[in-house]
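1. I need the structure of the sequence given here:
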Amino acid sequence: SSYKVSHIPSTADANRVIQSAADFQAGEALDKLIQERKDAFSVKFDQLFRLKDRSCTQKGRGNACWDSRITSVSHRVGKAALSELLGQLSYSYGSWYEAKSFHEKEGTEKGPVGMFGSSGYRRGSPSLFEEGFNLMVIGIWDPQIARDVILQWLSHMQPSGWIPPTLSLGPSSHSRVKARHEKLPQSNDVTT
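-> Reported below is the predicted structural model:
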């Protein structure tokens with residue numbers, strides 16, 4: 001890669017801005033750093049999960065197991081799955097709603113509170129149920145991150161001992177929940 005200096009005046013037209021952005025290349029230093037990080041990720045992945053050393057039994061069709069060994073394709077899928085789990089870790093901030101009973105429609109606004117955890121596949125909001133499964137893998141990768149996430153969930157424990165199963169925090173998250181016609185307030189007599 002080569003580094004190109006691009007000068008974009010503040011009054012440049014959109015086509016020149018787009019072309020300049022397309023022509024920009026980060027350079028060898030960044031390429032080298034990216035490769036070093038990818039290599040470090042691969043080494044740590046191989047040390048922790050040891051998929052290359054594992055044997056398997058092929059059951060039916062599929063490419064996960066070949067000649068009693070895990071295939072390179074399955075190894076890459078494992079790395080991609082871990083990257084996805086780590087990539088959905090985020091910090092959310094906002095209010096959530098608690099209902100005193102399942103039949104209550106609006107609930108009482110609680111917060112604002114912060115939450116470090118996975119964004120969740122089903123709802124786009126942190127879900128205690130999904131978090132448990134994610135942390136089984138994340139805990140192997142980085143136990144400190146797993147502890148931090150667990151402590152975040154415990155910090156939301158109510159005086160009764162109940163922890164909201166889903167924390168839809170903030171207006172954008174609330175609108176996604178309402179758009180799916182799901183119940184926004186959380187109630188300790190029903191999990192959502």
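
2. please state the offset of stretch 80-99 from the chain centre?
-> Relative to its parent chain, stretch 80-99 has a centroid offset of 6 Å by C-alpha atoms, centre = their mean, to the nearest Å.

3. give me the buried positions along that stretch.
-> For stretch 80-99, burial by neighbour count (16 or more other C-beta atoms under 10 Å) applies to 82, 85-86, 88-89, 92, 94-99. Where C-beta positions appear, they are placed from N, C-alpha and C, glycine not excepted.

4. and for stretch 166-173?
-> Neighbour counts over stretch 166-173 (16+ other C-beta under 10 Å) mark 166-170, 173 as buried.

5. which stretches in this structure count as helices?
-> Ranges of helices in the chain, per DSSP state H, are 14-23, 28-49, 72-87, 128-141, 143-154, 171-179.

6. widest-spaced pair of the buried residues of stretch 166-173?
-> Of all pairs drawn from the buried residues of stretch 166-173, the greatest distance, 13.3 Å, lies between T166 and G170 (C-beta to C-beta).

7. got any ranges where the protein has weak pLDDT?
-> Scanning the chain for pLDDT under 70 picks out 1-27, 58-68, 120-124, 179-184, 190-192.

8. repeat that for 50
-> For the chain, the stretches with pLDDT under 50 are 1-11, 192.

9. okay if I get the buried residues of stretch 80-99 as CSV plus distance to Q152?
-> As requested, those are exported to CSV (distance: C-beta to C-beta, whole Å):
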residue, distance to Q152
L82, 21
L85, 16
L86, 16
Q88, 14
L89, 11
S92, 10
G94, 14
S95, 16
W96, 13
Y97, 19
E98, 17
A99, 22
